[in-house]
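>>> model this:
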Amino acid sequence: MHTVTKAGLSLLVDTIAVLVVTIGVTEALTPYVWPALLLGLPIGVALGVVAVAFTFVGLTARAERADTGSVSREAARRLRTMLAAATLTAVAVSRRHRRQPPGGTTPQ
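Alright, predicted model coming up:
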């Protein structure tokens, strides 16, 4: 698969992810927050950036597997590194939000 094709598919996935997540978060928060779009849009864009990276690396690994019958160590390392980074980020963010009591102050 050519790099231009992979980039095009990655951007298509990005666009879909941004739209779906932005609309979903905005609609979910509309009853609770007045400018819900101001929260939904950055979350959608952040997920879109992650989706582009995962899609591009995944398509590269898939193309390697189709061409050679296996995935190179470099592509496998990239996939593992991206998955670990995404997992650690999600865990860190969820722990940060769990520790913060209502009102935004930290406990003494």
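>>> what residues of the longest helix along the chain count as buried?
Longest helix in the chain, counting residues (DSSP state H): helix 36-68. Going by neighbour count (16 or more other CB atoms under 10 Å), the buried part of helix 36-68 is 36-37, 39-41, 43-44, 47-48, 51-61, 63-64. To be clear about C-beta, it is placed using only N, CA and C from the backbone, and glycine gets the same treatment.
>>> next structured bit after that helix?
Heading C-terminal from helix 36-68, the first helix or strand you meet, by DSSP states H and E, is helix 73-99.
>>> just the buried positions in that next one, please.
Quick answer for helix 73-99 (16+ other CB under 10 Å): 75, 78-79, 82.
>>> thinking again about what came up before, what angle do the longest helix of the chain and helix 73-99 make?
Counting by axes from the mean of the first three to the mean of the last three CA atoms, to 10 degrees, helix 36-68 lies at 160 degrees to helix 73-99.
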